[in-house]
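Q: Only the shape, not the letters, is given here:
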Ligand SMILES: Nc1nc2c(ncn2[C@@H]2O[C@H](COP(=O)(O)OP(=O)(O)OP(=O)(O)O)[C@@H](O)[C@H]2O)c(=O)[nH]1
Ligand SMILES: [Mg+2]
C-alpha cells in the first residue's frame with residue numbers, strides 16, 4: 001500500500017532545501033515506497049533521540065543545582081551562617097579545620113585585650129584614632145585604672161604576638177602579592193598583605209578574607225605607639241583558599257613521635273615558637289585585667305560593651321590559653337574573620353526523594369566597599385538569605401562612623417528586595433543576633449534613644465522584635481520587585497547550632513519547593 005504524502009512535505013520550490021527534498025520526477029512506485037520507508041525510519045530514530053534528550057533534560061532538572069547568596073552588612077553573621085551549613089553538611093571537613101582556627105581565636109582574644117587597654121589608657125583621651133564602631137564619640141572623664149601600668153607591662157608580649165599571628169595567617173608562602181579586591185580601599189592601611197593573583201573562571205574575583213586589626217598596637221610601657229599602625233582602617237588580608245589554615249593545621253603541628261619507646265606525640269605545645277606559649281604566659285594578667293572592678297567601671301563609664309563584640313573570648317581565657325587547647329565547634333562559630341570578596345562553598349545535600357542536590361552557597365564581604373562585588377552573582381542565584389543584626393541599633397558602621405548600623409541594614413534590605421535582577425529569587429530574612437539584642441535591652445539600652453520613631457512603646461524584647469519584624473516586612477511589601485513573593489522572616493542567633501540547624505533545614509525545604517515550582521515540576 002502506498003503511504004500518503006504528508007501535507008507538510010509540500011514546500012515552496014523557491015526554497016533550495018525544499019527543491020532537494022522533492023521526490024525525483026521519474027520516481028517509480030517501488031522507489032517511492034523505499035523512499036518513504038527510509039524517511040519513516042529516519043523520523044523514528046530522530047523522535048527517539050528527541051525523547052532521550054527530553055528525559056535527560058528532565059532528569060537534570062530533577063537534580064537541580066541550588067545557588068544561595070548570603071547577603072547583609074559586615075558583621076551581620078553571614079560567614080557564621082555558612083559555618084553552620086558546613087557543620088550540618090560537611091562536618092568532617094569543618095572539624096578537620098578546627099585546629100587552624102586557633103590562630104584566629106588567639107588574635108581575637110589579643111585584640112579584645114588591646115581594645116580594653118586602649119580604652120582605659122590615660123593617653124587615650126587625646127586619641128583621634130579610636131575604633132569608631134565601638135568607641136564612644138566623646139570621652140568620659142573618669143577614674144584612672146590603678147593597675148593600668150602593671151597591665152601594660154605584663155601584656156606587652158601580646159603586641160609582638162599580634163604581628164606574628166598576622167604574618168602567619170597571611171600565607172607567607174604566597175610569592176606573588178597581587179591586589180584583586182575592592183576598587184577603592186585605602187591600600188596603605190593594609191599591612192603585610194598577600195593577595196591571590198588568580199581570577200576565577202567566571203571572571204569573578206578570587207576570594208580573600210581579612211582579619212580586622214586593632215587600630216593601635218598595645219600601648220607600650222613608655223607610652224609610645226608604633227606609627228605604622230596609626231592609619232585608620234588597618235586590616236590584614238588572608239586568603240580563604242588555603243594557606244592560612246595550613247599554617248595551623250593538625251598535620252603541620254603534630255609532626256612526629258618523640259621516641260620509639262614512649263610513642264609520645266609531639267604536639268604544638270612542645271614547639272617553643274608556637275603562639276600558645278605567649279598567650280599562656282599572659283593568661284593571668286589577661287584574667288586579672290578582665291576581672292578588675294576598676295576596669296569594668298571604666299568600661300561602663302565609656303559605655304563600651306566588649307562582651308557584645310565579635311570574636312569575644314574574654315570569659316574563657318583559662319581554657320583558650322591552655323597549652324593543649326583545641327577549639328570546639330562553638331569556638332569556631334564565635335571566631336571572627338572579616339570576609340573580603342566572595343567565597344563559594346559547595347555541598348551535596350540529599351533532598352526528600354534522596355536525590356542529591358548540589359548546593360552552592362556564596363558568602364560575601366558585607367562592608368560598603370565590598371558590595372559592588374555582589375551584583376555579578378545576582379543573575380543566576382535561586383535564593384538569598386539576608387541577615388540583619390538587629391542588636392546593632394545603637395552601633396555605627398566601622399567603615400562610616402556617621403551611619404547607624406540598623407539604618408544601613410534597612411537601606412541595604414530595600415536595595416536588595418527592589419532589585420529587578422532578583423525579581424524571581426526567593427528571599428529569606430534572618431533578623432539576627434537576638435541573644436545580643438535581649439542582653440542589650442536587659443541592660444537598659446533604649447531603642448527610642450537611637451530610633452526616635454519607636455516612640456513610647458515598651459522597651460522589651462517582645463515589642464522591639466515585633467517592631468523590627470514589621471519594619472523589615474513593610475519595606476519588602478512596599479518596595480519588592482515581585483509583589484507575589486512570599487517573604488519568610490526568622491529571628492536567629494546563628495551562633496546557636498541547634499536552633500540554626502532547624503531554621504536552615506526549613507529554609508532548605510522552602511528553597512527546594514520554590515525552585516521546583518519555578519521549573520514547573522510541581
Ligand atoms: N552573639 C552572637 N554573635 C554572633 C551572631 N551571629 C554572628 N555572630 C558573631 O559576630 C561576628 C561576625 O559574624 P560574621 O559571620 O563574621 O559576619 P559577616 O556578616 O560574615 O561579616 P563580613 O565578613 O565582614 O561581611 C562573629 O564573631 C560571629 O561569631 C549571633 O547571632 N549572636
Ligand atoms: Mg564574613
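A: Now that the structure is in, tell me what you want to look at. On a predicted model such as this, the values are computed, not experimentally measured, just so you know. Ligands and ions are numbered 1, 2, ... in the order given.
Q: wait, isn't residue 164 in contact with residue 275?
A: Yes - counting by C-beta atoms under 8 Å, residue 275 is a contact partner of residue 164 at 6.6 Å. No exception for glycine: its C-beta is placed from N, CA and C like everyone else's.
Q: Have a look at the two and say which one is more surrounded.
A: Neighbour count, other C-beta atoms under 10 Å: between residue 164 and residue 275, residue 275 has more, with 20 against 16.
Q: Provide a list of residues in contact with the more buried one.
A: By C-beta atoms under 8 Å, 6 or more residues apart in numbering, the contact set of residue 275 is 103, 106, 161, 164, 165, 168.
Q: Return the members of those classed as buried.
A: 103, 106, 161, 164, 165, 168 (16 or more other C-beta atoms under 10 Å).
Q: ok, back up a step: going by distance to residue 311, which of the contacts of residue 275 wins?
A: Distance to residue 311 across the contacts of residue 275 (C-beta to C-beta) is lowest for residue 106, with 10.3 Å.
Q: In which helix or strand does that closest one reside?
A: helix 101-120 (DSSP states H and E).
Q: try residue 388
A: Using DSSP H and E, residue 388 sits in strand 383-389.
Q: Now do that strand: which elements does it pack against?
A: Contacts defined by 3 or more C-beta pairs under 8 Å, 6 or more residues apart in numbering; DSSP states H and E place strand 383-389 against strand 65-71, helix 78-89, helix 405-417, strand 426-432, helix 497-518.
Q: Distance from the chain centre to it, please.
A: Mean C-alpha position of strand 383-389 versus that of the full chain (C-alpha atoms, centre = their mean, to the nearest Å) differs by 11 Å.
Q: Quickly note the distance from residue 379 to residue 67.
A: Residue 379 sits at a distance of 10 Å from residue 67 (criterion: C-beta to C-beta, to the nearest Å).
Q: Next: residue 38.
A: Distance, residue 38 to residue 67, using C-beta to C-beta: 47 Å.
Q: which one of these two has more residues nearby?
A: residue 67 (20 against 10).
Q: so the more buried one makes contact with residue 362?
A: Yes - using C-beta under 8 Å, residue 67 is in contact with residue 362, at 7.1 Å.
Q: which residues are in contact with both of these two?
A: 377, 381.
Q: those strands in the chain, which residues are they?
A: 65-71, 208-212, 235-239, 338-340, 342-350, 356-364, 383-389, 426-432, 488-491 (DSSP state E).
Q: and of these, who's closest to residue 120?
A: Nearest of those (C-beta to C-beta): strand 208-212, 20.5 Å.
Q: Buried residues, stretch 509-518. List them.
A: So stretch 509-518, judged by 16+ other C-beta under 10 Å, has buried residues 511, 512, 514, 515.
Q: Could you do stretch 279-294 as well?
A: 279, 280, 282, 283, 285, 286, 288, 289, 290, 292, 294.
Q: which pair in these spans the largest distance?
A: Pairwise distances across the buried residues of stretch 279-294 (C-beta to C-beta) peak at 25.2 Å, for the pair 280 and 294.
Q: so residue 337 touches residue 80, yeah?
A: No - with contact defined as C-beta under 8 Å, residue 337 and residue 80 do not form a contacting pair (10.2 Å).
Q: The two: which is more packed in?
A: Counted by other C-beta under 10 Å, residue 337 and residue 80 do not tie: residue 80 has more neighbours, with 25 against 20.
Q: Contact partners for that one?
A: Residue 80 touches 333, 494, 495, counting by C-beta under 8 Å, 6+ apart.
Q: For those, pick the one with the most neighbours.
A: Highest count within the contacts of residue 80 by other C-beta under 10 Å belongs to residue 494, 28 neighbours.
Q: quick one on the thing from earlier: can you narrow the buried ones among the contacts of residue 275 to ones near ligand 1?
A: Among the buried ones among the contacts of residue 275, not one lies near ligand 1 by C-beta under 6 Å from any ligand atom.
Q: How is the protein partitioned into domains?
A: According to the TED database, the chain comprises the domains 63-93+339-519, 96-122+145-171+234-334.
Q: Dump these into TSV; add distance to residue 52 as well.
A: Shown next, in TSV, are these (distance: least, C-beta to C-beta, whole Å):
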stretch	distance to residue 52
domain 63-93+339-519	17
domain 96-122+145-171+234-334	40
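Q: Show me what from the chain comes close to ligand 2.
A: Proximity of the chain to ligand 2, by C-beta under 5 Å from the ion, involves residues 78, 79, 339.
Q: redo that, cut-off 8 Å
A: Within the chain, the positions near ligand 2 by C-beta under 8 Å from the ion are 74, 78-80, 82, 209, 337-339, 343, 363-366.
Q: Where does pLDDT dip in the stretch 151-300 of the chain?
A: Low-confidence segments of the stretch 151-300 of the chain (pLDDT under 70): 170-244, 246-266.
Q: Quick check: the spatially most central residue of the chain vs residue 463, distance?
A: Centroid-nearest residue in the chain, with C-alpha atoms, centre = their mean: residue 79, separated by 2.5 Å. Using C-beta to C-beta, we find residue 79 at a distance of 30 Å from residue 463.
Q: ok so, going back, among the residues of the chain next to ligand 2, find the lowest-pLDDT one for me.
A: Sorting the residues of the chain next to ligand 2 by pLDDT puts residue 209 at the bottom of the list (47).
Q: which bits of the stretch 151-300 of the chain sit near ligand 1?
A: For the stretch 151-300 of the chain, the contact set with ligand 1 under C-beta under 6 Å from any ligand atom is empty.
Q: Looking at the stretch 351-500 of the chain, what residue ends up closest to ligand 1?
A: When scored by C-beta to the nearest ligand atom, the stretch 351-500 of the chain has residue 366 as its residue closest to ligand 1, at 3.0 Å.
Q: So what's the residue count around that residue?
A: When neighbours are counted by other C-beta under 10 Å, residue 366 registers 25.
Q: how near is it to residue 412?
A: Look at residue 366 and residue 412: by C-beta to C-beta, they are 8 Å apart.
Q: intersection of neighbour lists for these two?
A: Jointly contacting residue 366 and residue 412 under the rule C-beta under 8 Å, 6+ apart are 71, 72, 73.
Q: The first one: what's it in contact with?
A: Spelled out, it's residue 71. Contacts of residue 71 by C-beta under 8 Å, 6+ apart are 78, 364, 366, 374, 384, 385, 386, 387, 412, 416.
Q: ok, back up a step: who wins for most neighbours among the residues of the chain next to ligand 2?
A: residue 78 (28 neighbours).
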